[in-house]
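**Q** Provide a 3D model corresponding to the input given below.
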Amino acid sequence: MDFLNSWWLYVIIGIVFAYVLLQSTVFLLKARKKAKALGFSNQQINKTITSSMIFSLAPSFAIVFGLVYLSPAFGSMIAGMRLGTLGAVTYELPAAINVINGVFNLNIGDVLSSEVVITALWVMTFGCIPPLLIIPLFFKKYNSSLDRIKKRDSSWNAIMMDALFLGMISAFVGYVLARKEVEGQDPYISVLAIIVLLSSAIFILMFGLLMKKLKWDWLKNYALPLSMIGAMALAILFASLGVR
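**A** Residues are numbered from 1 along each chain as shown. Reported below is the predicted structural model:
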């Protein structure tokens, strides 16, 4: 597994990060130029940039958690590239865990062979490709179909979005409730995983109520990472008490 810290890997990932930073800088300059053309003052533009930077810090905590979790398996550089460019925590972690657990019957914290790591990375990579093809090739047609549905019945748009969201959540709930099989032990349902799921849901509901009742719109960008932090803190607490 020495290749995870090889110099050539750092060079390749450095090129990827440099490209992403260059692309972000180019679009920032273009947006600033367009804002000036529309009549915005330098003070307004700088205030918008500063507030965007501040609000981007809180959601980044979710990426940091994913980085910490993926680093033992893939190394900090590959994990950072996955989560800092294409990947998302909600996709990368389940994809990696499903390959490592389901295919090789190992845990993500175990000592993994190069075969396990490379297989997991290929699965994670192939999983990212369909959205990159679907959006430019089919999004316009898909969006036109949604517009036609909304014109006929505006309520269908909300129903479809809610259905898609519930379908995604159901997949994660199924993963949490599925029996865990550890070699040498009887299969069991993880009470700890259920507690973490319920506690994170309670946290997000609390933040939603605060935003609604107290008009704390600023909390919108912090609700998800704070819910994750709270749920993970409870997970550590209950795990120390012997809950599994």
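**Q** Please name the nearest non-neighbouring residue to Met232.
**A** With sequence-adjacent residues excluded and distances taken as CB to CB, 6 or more residues apart in numbering, Met232 is closest to Phe65, at 6.9 Å. Where you see a C-beta, it was placed from the backbone N, CA and C, and this is true even at glycine.
**Q** Return the residues in contact with that neighbour.
**A** Neighbour list for Phe65: Val89, Met228, Met232 [criterion: CB atoms under 8 Å, 6 or more residues apart in numbering].
**Q** so where do the strands sit in the chain?
**A** Residue ranges of the strands in the chain, as given by DSSP state E, are 179-180, 188-189.
**Q** model confidence over stretch 80-99, on average?
**A** Stretch 80-99 shows a mean pLDDT of 78 in the predicted model.
**Q** May I see the buried residues of stretch 95-110?
**A** Ala95, Ala96, Ile97, Val99, Ile100, Leu106, Ile108 (16 or more other CB atoms under 10 Å).
**Q** For the protein, give me the ranges with low pLDDT.
**A** Along the chain, the model assigns pLDDT under 70 to residues 1, 55, 58-59, 62, 86-87, 182-183, 221.
**Q** cutoff 50 now
**A** For the chain, no stretch has pLDDT under 50.
**Q** Report the separation between the residue of the chain positioned farthest from its centre and Thr48.
**A** Ranked by distance from the centre of the chain (CA atoms, centre = their mean), the top residue is Gly39, with 36.1 Å. Remark: distance between Gly39 and Thr48 (CB to CB, to the nearest Å) = 14 Å.
**Q** OK, contacts around Ile195?
**A** Neighbours of Ile195 in contact, by CB under 8 Å, 6+ apart: Leu234, Ala235, Phe238, Val243.
**Q** re the thing from before, quick check on the contacts of Phe65: which are buried?
**A** Buried among these (16+ other CB under 10 Å): Val89, Met228.
**Q** Which of the contacts of Phe65 fall within helices?
**A** Using DSSP state H, the members of the contacts of Phe65 that fall in helices are Val89, Met228, Met232.
**Q** who's in contact with Ile135?
**A** Neighbouring residues of Ile135 by CB under 8 Å, 6+ apart: there are none.
**Q** got it, and the one 5 residues further on?
**A** Not one residue lies near Lys140 by CB under 8 Å, 6+ apart.
**Q** thinking again about what came up before, just flag the most distant two among the buried residues of stretch 95-110.
**A** Pairwise distances across the buried residues of stretch 95-110 (CB to CB) peak at 14.9 Å, for the pair Ala95 and Leu106.
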